[in-house]
Each structure stands twice: as C-alpha cells, then as structure tokens.
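Colleague: Just the structure for this:
(chains A and B)
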There are 2 protein chains.
Amino acid sequence: MTQDVSRSDVRLDNWRTAPFSRWAFQNVSEIVPSAVIRSNRLFEEATYDLGPFSDLQVSGLDGLDQPLEAFLEASDTDAFVVMRQGRLIAEWYAGHCDPACPHIIFSVSKSLTALLAGILVGRGKLSLSDLVVQHVPEAEGSAYADATVQQLLDMEISLDFEENYLDPHGAFNRYRRATAWAPDNPADPAPDLKTFLCSLQKGKSGHGVAHAYRSPNTDMTGIVLERASGVRLPTLFSGLLWQPLGASSDAMITVDRAGTSRAAGGMSVTARDLARTGELVRRKGGGIVPAGFIADLWTGGSRDAWVKGDQTTLFPEGRYRNYWYSSGSGELAAIGIHGQWIWIDPATETVIVKLSSQPLPVDAPLDQAIVSMLRLVSVKA
Amino acid sequence: MTQDVSRSDVRLDNWRTAPFSRWAFQNVSEIVPSAVIRSNRLFEEATYDLGPFSDLQVSGLDGLDQPLEAFLEASDTDAFVVMRQGRLIAEWYAGHCDPACPHIIFSVSKSLTALLAGILVGRGKLSLSDLVVQHVPEAEGSAYADATVQQLLDMEISLDFEENYLDPHGAFNRYRRATAWAPDNPADPAPDLKTFLCSLQKGKSGHGVAHAYRSPNTDMTGIVLERASGVRLPTLFSGLLWQPLGASSDAMITVDRAGTSRAAGGMSVTARDLARTGELVRRKGGGIVPAGFIADLWTGGSRDAWVKGDQTTLFPEGRYRNYWYSSGSGELAAIGIHGQWIWIDPATETVIVKLSSQPLPVDAPLDQAIVSMLRLVSVKA
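Modeller: Next up, the predicted model:
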C-alpha cells in the first residue's frame, strides 16, 4: 500500500479516485471481478496421460473394481497429477478443465497457510507459543483472546460456532457473507471478515482440549501472519513460497471488502503447482520451509485431542498438526471440501494431487474410496 | 464453459453448487474479488534505470524545463518503459509501483481489442463490413442495429449517450454500474452490460459521419468478437495475442455479473508486456496481426470524421482508426484515461509506454505536455 492509504480504505465507490487509485490501478481484481488472460501455454504442455496407472483397477463407490480413469470421472475430478521422486509421472484432466487455470483448493489453503507460518517462525517473525492477541489486539474480548498460535494451527480452539457448509441463514452463512463468498443480506449486513472473527465467542470447554475443525481459525491465522510480518498475505505467499518454489503459474486468493485474505479456503492454484508444493513437503521443506516444522506435521499432533475431536472417521489412527492430517499409516494429507487433495506417501516417494468439483462439500463414503485409490496409486510401481 | 451451463448462469449465490461449480472452481476471480499471488520475479528483474534519458530535460506543465524523472513524478506516472528497435532501453517505476502487478490501462484496452479484431478478420471469422446485428441479434432495435463493425471500431456511431466520466447519476453512471465498476443502486438496479448496450438509442445524425468517442461501442465490439469466434474474450486474448506475443505476465480484464468483458477499459497488463504489444504494432503486426490491418491504423481513418468529431484538440492533424490515434506527424498512439499511453514513433523505431494514476480522468493541458515529452524521448539518441 502507499503511505497514506490502507487497503481497507479502498472500495468499489472510490477506487478510481486519488489517493486510492495509486494502489487500486495495480490491483483491480481485488475490487472488480476479473478474468485472467493467461500468458502460459500449460494447456498445450500438459501430458494428459495416466502413464503407469492407465490400467490400474481401483475400488469404486459400489465396492466393485473399475479403471482409475472411470473412478476419476465418477468422483467429479477436474485434475489429477502424480509425482514420484519429484518427477511428474501421470497427469489427467477432465475435458472441461484447463490445466492452466488455477483451481480453488478450499481448505488445502489452510495447509499452505501453515507452511507460510512455518517459514515466518524460521525467520524469527513469529513464535507458535505467541498469544493471538500479541499480534491482533482487536481479538481481545473474543474467543481468541487467550488462544495461542499453535492452538489456532491445530484447530484446538473452543469456539461457539458450528462449521455447517450448507447452512443458509445462521452464523456460518453470516461468515460466508463476511468473506464475500455469498451475496450480502441488506436487511442484516455482515461485517467484514476481521470484524466477524473478532466477534466470535468461546465455547463451553477450554482451548487445547479437543480437535474442533472451524475455518475461522485459519482466517485469523492469516491475519496473525500479516501482522507478524507487516506484509499482506498474497505478497507473503508470493515472496516466501510461490517464487522460491518455482511455481509456473500465478495463484490467487479471494479477499473480503477490506482486503482480508480468505486463508481458510480461498486459494486457487494449478494442479502442477500444488503437486510441487506437496513435493516440497515430502522433501522435508526443501530448504524453503524449516525441516523441523515439516517433521512435526507427521508426529506433532495430539492423539488425545484428535480422538476427542470431530473428524476421527477418515483416519481413526490419525493426528492433525498445523492444518495437515497424518493418516496414522505414514501418509500426510491436505484436504479441502468438494474433493481437493494433496496426498504424500514418503515410503514410496509419491505425491498426488486431486482437484474436483464434487457436488457435496463433504462426502464421507467418497472420501474413504478416494483414500483407498490414493493408496493404490502410491504403491503402484 | 461446460456443456449445460452458460457463463451468465453462474452467480455469487450459486457458484459453489453443481453444475455451476465445474466452471466456477477454475474461475473464482470472476465471481469473488481476488488478489494475485505472483509466480514471477519481475520485481527483482526490472532495471529501474532511465538509461539514455537520465539527463533529458523536458518541458513541464509550467512551461519550464525539468528533468524527465521530475516530469514523470509530477504527472503521477506509475510505470514508464522505452523500447528502441525492440530493445528495452529505459524502465522507470514509482516507489509505490510493483512492475510485476498488471496496471489497468483503461481505453488502451480498446486498442488491444482492435488488434484482436484484426486477427479474427485475418482468419476469416469476421468482416469489418459486417453489420453488428449479424453477430449480436440482441442489438436489433438499438442504435447498433444498422451499424457496421468498422463504424464500431472507428467510433463513428451516432449514439444518444454522453461520455461523462464524472457523472454521478445519469446514463454514464448507469453504464458504470452495469460494468460492475461502481456499487449498484438497489432503488434503480442497472442491467447487465450487454442488456445496457442493447438499450442504447441512436443520436440525431447517422452513423459514419463524425468521430464520436463513446466507450459502449468497444464493449459491443468485445461481444461481436466473442460471437464471431465462439470463444470468450479473455480466452481469445490469451490464445491469439498474449501467448503468441510471449507476454511475461498474465493480463486481466474486468467482467460484469454475466461475465461480459469490459473491452472498452477493463484490461490490466504490465508495462513491459504493453511495450511488447506496441512493438508488435511497430513491426507491422509481427506475423500475429495482419500487416494490412496494421498499416491501415496510420492511414485509414477518415480525416473528415475526425475534424467533425469531439477529440480534435490533441491531434488537430490526426485521424482515428480501429481505436488507435494517428498524430498526423507519423506517430501512432493508444490512450487511456488517468494517463495511460502507448506511443509508437516508426521514424526512430521507438515504442514508449506510460502508465499513471492521474487524479483526473481527462486532463487536456497535461496530455499536451505528455505528447511533447514523448516526442523528445523518441528523438533522443
């Protein structure tokens, strides 16, 4: 931002006037919905080849074996990419999918936000034991007042808020409107995202007791990272992760009316770049994310909190640490609603990305079938 | 788009549901305002050096000589790039400007849209003598009903509409709201852009008589190009211009709620990529745009229509053809409000780009000073 203007001052009703125009003229897509005119040729470069998995039979939703491609189609897959030892060995896209177009990754955004947190910890800008209010004083009086950054990252915050993706009227819908993901209700206008987060109150238990998956925690993490670094989240991602990674395409992140990033779910990336990110994690952070932070993703989560939590079905033997799931069988996963996945199997040096447009946000039987498929692909030579 | 869904069906209230999500999950920035997470390192690669023009004295607004850099600062320049014989010889950015961030180019978008029209003409998808309604039947009954594509491109449409950038209430404001560039007025909601365009009526004179600068003409051109090619405008730009050009960054274009591109002014591009575009025009289209179409930009406009028109002040000896200005002294220019310029001087093989955030949309005395400066830079060895 320029000296005299903060991002939240720039609005649809003033962006073309000074002094707001200086910033707005280089950031129009944050104000007016915009289409991307791509410079890359990923569409031509993609291989569209399932390679060693062309004849792989996997178990379908009905329990019967079917070819991998049929499974991908049946599970509304848009993009599917497999890397082994860092080499792209299979790449599949649905007919309607452009490999060059970044695809929304929903809660996989959380896992990438955590990597950014790890980088800032490594640079001494942030400590996971910090209280949230040390960085975001506006959180005083909210549920976050006595929470630590580590509790935010582990989803061990006690929050009086229900994660209900299909809620049309209540608090979750208000949250959606605050993030600019749904039309606002003029009769009951939503506040901006930061104000919404700072209005949330504590639940009945204390923090640090049980795994409680609540997306607002990650949006708050995004604000913590901005305050700790003094840099807006999209710029942080670019400088600390996307450029060092050698990403081949720009990524995007949705913003609310005040410019607060939707760290909990608003990132869009290409399947190839997401696979590169998974490979970075597999290679112990690749010198970009501290190796200790990465090792901790597998071993650091509290089994006790997981067992007491609200997501045990998929990985009964699992843990959750810094917005990544460890399966209990050695694999690590980042998962988003509507079927977004990074799957890392260190034993076979495999990284798999699946991006989808499943009709339901959450589909537990399908998740089980997908995990089985990911395991078959991982072990297939 | 996918088979069963057209772009205008996808809205903020349905984008996360099937069947709309298939498209929306790869195009979130068209629905929810989004920030870009850049993959390129243009920020580090830019030279920040005025090169041979470091000591150039130019005439300021007060008529007194001043160093070029002082003039750039005084005229709210964000980015300034000079190419000679296709080589980047000077590059300057304001302290608040990131060279990697595409900058809105306002009506220079028109000039780029015309290049796209030229390419489609070359491919036989479109003829400039076509009637607009041959491609856009919805224009029947509007001012555009009996207009040709050439008249659209030359701004020789008789339209009952005033181009008043500072209008807070009237037809121009309604137009702004239709483009999604301003908050809508719930008491008098604007239609979408295409519906707005098709509601415009003819002025008192006929088409093809006088140069009449009206931005809606170019938005209509964008729709004509989409219909003629069967491809949405951002994809057309990408495939026919941005990729062949070797653009180094993605460009963007704003869209209305139905996904209609703001061809008249909504493109954002980096200064370097815009200079590349100017260089393409200088090199007779570079094999990408038909050479005949490019030659016509200098010589094809009607002197008579120009003299009868509403923009003679800046180039009294000029012409206007296909959204480009020819100065009458050999140079060609693309110009946008708030200070956006491509300047091409074939005699000295020079291309200059100036991107700005001037407070006023139109500033005639400043335009005169800028043209003088551009001429001095062009002739300086």
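
Colleague: Going along the chain, name the strands of the stretch 151-300 of chain A.
Modeller: A:251-254, A:267-269 (DSSP state E, counting those that start in this stretch).

Colleague: Return the residues in contact with A:Tyr320.
Modeller: The neighbourhood of A:Tyr320, defined by Cβ atoms under 8 Å, 6 or more residues apart in numbering or on different chains, consists of A:Asp154, A:Met155, A:His211, A:Gly301, A:Ala305, A:Trp306, A:Gly309, A:Gln311, A:Ser326. All C-beta spots, glycine's among them, are computed from the backbone N, C-alpha and C.

Colleague: Now the terminal residues of stretch A:322-339, how far apart.
Modeller: End-to-end distance of stretch A:322-339 (Cα to Cα, to the nearest Å): 20 Å.

Colleague: Of all the strands of the stretch 151-300 of chain A, which one is nearest A:Ile294?
Modeller: Ranking the strands of the stretch 151-300 of chain A by their distance to A:Ile294 (criterion: Cβ to Cβ) puts strand A:267-269 first, at 19.1 Å.

Colleague: Show me what that closest one is packed up against.
Modeller: In terms of contacts (3 or more Cβ pairs under 8 Å, 6 or more residues apart in numbering or on different chains; DSSP states H and E), strand A:267-269 is packed against strand A:103-104, helix A:108-122, strand A:251-254.

Colleague: Tell me how far the shortest one lies from the chain's centre.
Modeller: It refers to strand A:103-104. 10 Å (Cα atoms, centre = their mean, to the nearest Å).

Colleague: same thing with stretch A:175-188?
Modeller: The mean C-alpha position of stretch A:175-188 is separated from the chain mean by 21 Å, Cα atoms, centre = their mean.

Colleague: Over to stretch A:31-46?
Modeller: Averaged C-alpha coordinates place stretch A:31-46 at 21 Å from its chain's average position (Cα atoms, centre = their mean).

Colleague: tell me the mean pLDDT over that stretch?
Modeller: The average of the pLDDT scores along stretch A:31-46 is 90.

Colleague: and that stretch, which residues are buried?
Modeller: Within stretch A:31-46, the residues scored as buried using 16 or more other Cβ atoms under 10 Å in any protein chain shown are A:31-40, A:42-43, A:46.

Colleague: Tell me which of the strands of the stretch 151-300 of chain A sits most buried.
Modeller: Among the strands of the stretch 151-300 of chain A, strand A:267-269 has the highest mean neighbour count (mean count of other Cβ atoms under 10 Å in any protein chain shown), at a mean of 30.

Colleague: returning to that earlier point: any chance of the strands of the stretch 151-300 of chain A in JSON lines, with mean pLDDT too?
Modeller: Shown next, in JSON lines, are these (pLDDT from 0 to 100):
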{"stretch": "strand A:251-254", "mean pLDDT": "98"}
{"stretch": "strand A:267-269", "mean pLDDT": "98"}
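
Colleague: any chance of the ones you listed in JSON lines, with distance to A:Asp98 too?
Modeller: Output for the strands of the stretch 151-300 of chain A, formatted as JSON lines (distance: least, Cβ to Cβ, whole Å):
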{"stretch": "strand A:251-254", "distance to A:Asp98": "14"}
{"stretch": "strand A:267-269", "distance to A:Asp98": "12"}
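
Colleague: can you list the residues of the stretch 51-200 of chain A near chain B?
Modeller: Within the stretch 51-200 of chain A, the positions adjacent to chain B are A:76, A:78, A:96-98, A:101-104, A:180-183, A:186 by Cβ under 8 Å from any Cβ of the partner chain.

Colleague: rewinding a little: ok, and of the buried residues of stretch A:31-46, which contact chain B?
Modeller: A:Ile31, A:Val32, A:Pro33, A:Ser34, A:Ala35, A:Val36, A:Ile37, A:Arg38, A:Ser39, A:Asn40.

Colleague: mind giving me CSV with the residues you listed and columns for secondary structure?
Modeller: As requested, these are arranged in CSV below (DSSP: H, G, I helix; E, B strand; the rest coil):
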residue, secondary structure
A:Ile31, coil
A:Val32, coil
A:Pro33, coil
A:Ser34, strand
A:Ala35, strand
A:Val36, strand
A:Ile37, strand
A:Arg38, coil
A:Ser39, coil
A:Asn40, coil
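
Colleague: could those residues go into a markdown table alongside distance to A:Pro290?
Modeller: Converted to a markdown table, these look like this (distance: Cβ to Cβ, whole Å):
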| residue | distance to A:Pro290 |
| --- | --- |
| A:Ile31 | 36 |
| A:Val32 | 39 |
| A:Pro33 | 37 |
| A:Ser34 | 35 |
| A:Ala35 | 38 |
| A:Val36 | 33 |
| A:Ile37 | 37 |
| A:Arg38 | 34 |
| A:Ser39 | 33 |
| A:Asn40 | 31 |
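
Colleague: ok, of those residues, which one's closest to A:Leu197?
Modeller: Closest to A:Leu197, out of all of these and judged by Cβ to Cβ, is A:Ile31, at 22.0 Å.

Colleague: ok, that closest one - contacts?
Modeller: A:Ile31 is in contact with A:Val10, A:Arg11, A:Leu12, A:Trp15, A:Ala24, B:Pro33, counting by Cβ under 8 Å, 6+ apart.

Colleague: I'd say A:Lys380 and A:Pro52 touch.
Modeller: Yes: using Cβ atoms under 8 Å, A:Lys380 is in contact with A:Pro52, at 6.3 Å.

Colleague: Looking at the two, which one has more neighbours?
Modeller: Taking neighbours as other Cβ atoms under 10 Å in any protein chain shown, A:Lys380 and A:Pro52 compare with A:Lys380 leading, 17 against 14.

Colleague: what sits against that one?
Modeller: A:Lys380 neighbours (Cβ under 8 Å, 6+ apart): A:Pro52, A:Phe53, A:Leu56.

Colleague: Grab the nearest non-local neighbour of the residue nearest to the spatial centre of chain A.
Modeller: Central residue of chain A (Cα atoms, centre = their mean): A:Ser109, 1.4 Å from the mean position. The shortest distance from A:Ser109 to any non-neighbouring residue, by Cβ to Cβ, 6 or more residues apart in numbering or on different chains, is to A:Met267 (3.9 Å).
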